[in-house]
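**Student:** here are the coordinates; sequence isn't available:
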């Protein structure tokens, strides 16, 4: 019997809004899916596309990137820069065959604990439906085995 | 009377070799690139190529190869050696220059330490070359004292028949003789004439070049700076070379586990000889290009008695800025003396 | 007087008057249909320049050679519109000083070659031309074919192509926009991109390269032509160029005063995909 599929979600979040939002969800005793691994960063502007790529390679089924609402950035404009970057990066990943549903972006403020909890539940359920993201993991397996020739 | 193999017997031939435990490789066109790939039938093969874009070297010394898998635990480090494969292979339709490339690299991989990854593959492979009937503007085997009908590195040599129906077959090594013994019924006695071998003009005077390179005063010559001015420093000439063999050992993984790999490296990269201190003894493209030429036509010869170039011309053929060994050696042999 | 003779004498004049220290142009190649970059430092060397419809390389890549322009002297270079576009981008990214580059411009239309007016980058206004320029039909068709695939098919398509990559970095080296003194793949603390050219590592490299060129590509096609294993890099580049024009109405290299697209923003940039 193989284990039932449990989605792994990696969330890259900014510390000022979304992380505080997640914190609020916790202190408000809101229950949400335990499938998410949160990586806290100073700002969404700090989120390099490499993080997303590496997360997918290392076994994430869905990656979430989340930060302050436009206008709310602690550093004034970090999230505006990030937004442009994501637009382009998302298009690039889609063009090279990574389903768009695997990379999610959101704005969650420090006051939106409920939104964070709901969103994680929704993403978890959706990922469950999509199934595991195996394309990169299979490539990873290939490099760990010796060629037969 | 000689033995011939007819083209229409090739499917049976492949089947016979597969039955004898061989995987059969030949030039193929796949995803807009020509290279050596495994074939199941004659129609998979691309016979119309002067040369495949990729060399046969890829199958003996792959671009990246895992050597050791390791795991770092609290108490100990576990490691597992990835054994080199030893599957029996036939390489069919290799050009004489590519086969020579293998023979040129043999002493390098075996002089002080016998590289198992190379020799296991070498010992289990039979090279069936086809003598050229066509050459293009970049071919230069004759300039490095080889020829379109050289049998260096070959186990079996095929000469195309003039009528195009097949090949005259000749075993040139014991391994080749043994391979032909697996297909006796497919060979027939015949005296058809073979197709003419193309005339590949000599493009430079190799003796003069080697003499110039051997002279110490030329090492710092302005010549190197001028000739390499347009080199952009990519590695395509080295990676497509049938004899270039530099590699780099890299550990790939994280803090706790990983794989040690052997990857191709190229002397044209600016990091090639970069020291940890930040000092780089070859810190300009001209010194790197000089290294490539000196290695091939001076140092290698000094150590192993043979030049590390088989004249395939791929370096020039694929160069984005139209450089290559031919141009440099031509320029050296035309230098005023 | 043909354009070749005109530019030969102009290059010679620039060199003999001492206005420029170097002219980068084309010379004969190793076969009849090849042209190779040629560097002239004296008026005599300038007589070797060749200029015809086979001169398709983007020579602006040599302008960012380490140390070339650090002495403040000028360099002249033969450029097609895509090369001029590259120079615009390099100036907007503060990699070149406009007055250090003398442009000997030319355009190729099928087998016809014509000289372009102007010598300083400010003499050329490419905006209209770039925006109205449609890529060659084969690129459009190929790109469309990929867009129509489902994600799994697209992944297989690129897997087949990227698995061929040998990481020779010819695409990077010929690109005028890849001027980083230390490329992200050559950085090993941390090692974001594996140096091994297995398919996974090749995906990393090719995705990073495409991303770093998004909104900066001059569409000269140098990477695509340089690739020794024929990966259709033109397609990713085209797709990225399309994205920035569709999403941000930004066209790289229109002029030399634009702000780089990923280093700027508008408050009302589209965000349809954000939850």
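**Tutor:** Cool, got the structure. Every value quoted in this text rests on a predicted model; they were computed, and no experiment measured them. Numbering: from 1, shown residues only, chains lettered A, B, ... in the order given.
**Student:** which residues are in contact with the helix or strand hosting residue B:28?
**Tutor:** Using DSSP states H and E, residue B:28 falls within strand B:23-30. Outside strand B:23-30, the residues that touch it by C-beta atoms under 8 Å, 6 or more residues apart in numbering or on different chains are A:149, B:14, B:17-18, B:34-40, B:44-47, B:49, B:52, B:59, B:87-93, C:160. Yep, even glycine has a C-beta here, placed from its N, CA and C like the rest.
**Student:** what does stretch C:30-47 give?
**Tutor:** Counting by C-beta under 8 Å, 6+ apart, stretch C:30-47 makes contact with B:137-138, B:229-230, B:316, B:321-324, B:326-327, C:8-9, C:11-13, C:15-16, C:21-29, C:48-50, C:52, C:54-57, C:59, C:62, all of which sit outside it.
**Student:** Over to the residue positioned nearest the centre of chain A: give its phi and psi.
**Tutor:** The centroid of chain A falls nearest to residue A:64 when counting by C-alpha atoms, centre = their mean (1.8 Å). Backbone dihedrals for residue A:64, given as degrees, to the nearest 10, come out at phi -110, psi 140.
**Student:** What residues are bridge-paired with it?
**Tutor:** residue A:11, residue A:104 (DSSP bridges).
**Student:** List the residues that contact it.
**Tutor:** Contacts of residue A:64 (C-beta under 8 Å, 6+ apart): A:9, A:10, A:11, A:12, A:13, A:36, A:104, A:105, A:106, A:119, A:120, A:123.
**Student:** Tell me the pLDDT of the closest residue to chain A within chain B.
**Tutor:** Closest contact between chain B and chain A, by C-beta to the nearest C-beta, is at residue B:82 (4.4 Å). Note for residue B:82: predicted pLDDT of 91.
**Student:** now swap in the one 5 residues further on and tell me
**Tutor:** Looking at residue B:87, its pLDDT reads 92.
**Student:** Double-check that it belongs to a helix.
**Tutor:** No - under DSSP: H, G, I helix; E, B strand; the rest coil, residue B:87 sits outside any helix and is assigned coil.
**Student:** wouldn't it be in contact with residue B:123 here?
**Tutor:** No - counting by C-beta atoms under 8 Å, residue B:87 does not reach residue B:123; the two are 11.3 Å apart.
**Student:** Which single residue of chain C ends up nearest chain A?
**Tutor:** For chain C, C-beta to the nearest C-beta, closest residue to chain A: residue C:155, 2.8 Å.
**Student:** show me what contacts that residue?
**Tutor:** Residue C:155 touches A:96, A:97, A:98, A:135, counting by C-beta under 8 Å, 6+ apart.
**Student:** Where is pLDDT lowest across the residues you listed?
**Tutor:** Among the contacts of residue C:155, residue A:135 has the weakest pLDDT, 89.
**Student:** how about the residues of chain A near chain C?
**Tutor:** Residues of chain A that fall close to chain C, judged by C-beta under 8 Å from any C-beta of the partner chain: A:48-50, A:53-54, A:57, A:70-71, A:77, A:80-81, A:83-100, A:104-107, A:119, A:135-136, A:139-140, A:142-143.
**Student:** partners of the helix or strand harbouring residue B:262, with directions?
**Tutor:** Taking DSSP H and E as the definition, one finds residue B:262 inside strand B:257-264. Paired with strand B:257-264 in the same sheet, following DSSP bridges, are strand B:64-72 (antiparallel), strand B:247-253 (antiparallel).
**Student:** where in the chain is pLDDT low?
**Tutor:** Using chain A. Applying pLDDT under 70 to chain A picks out residues A:1.
**Student:** What about residue B:82? Give its phi and psi, please.
**Tutor:** Dihedral angles for residue B:82 - degrees, to the nearest 10 - are phi -90, psi 110.
**Student:** count of residues packed around it?
**Tutor:** The local packing of residue B:82 (other C-beta atoms under 10 Å in any protein chain shown) involves 18 other residues.
**Student:** and if you look at the one 3 residues further on?
**Tutor:** Neighbourhood size, residue B:85 [other C-beta under 10 Å]: 15.
**Student:** And it, how far from residue B:66?
**Tutor:** Per C-beta to C-beta, to the nearest Å, residue B:85 is found 11 Å from residue B:66.
**Student:** Now for the two: what residues contact both?
**Tutor:** Common contact partners of residue B:85 and residue B:66 (C-beta under 8 Å, 6+ apart): residue A:146.
**Student:** sec struct for the residue of chain C closest to chain A, please.
**Tutor:** Applying three-state DSSP: residue C:155 is helix.
**Student:** Contact residues of chain A facing chain B?
**Tutor:** Residues of chain A lying near chain B (C-beta under 8 Å from any C-beta): A:143, A:144, A:145, A:146, A:147, A:148, A:149.
**Student:** List only those of the residues you listed flagged as buried.
**Tutor:** Using 16 or more other C-beta atoms under 10 Å in any protein chain shown as the burial test, the residues of chain A next to chain B include A:143, A:149 as buried.
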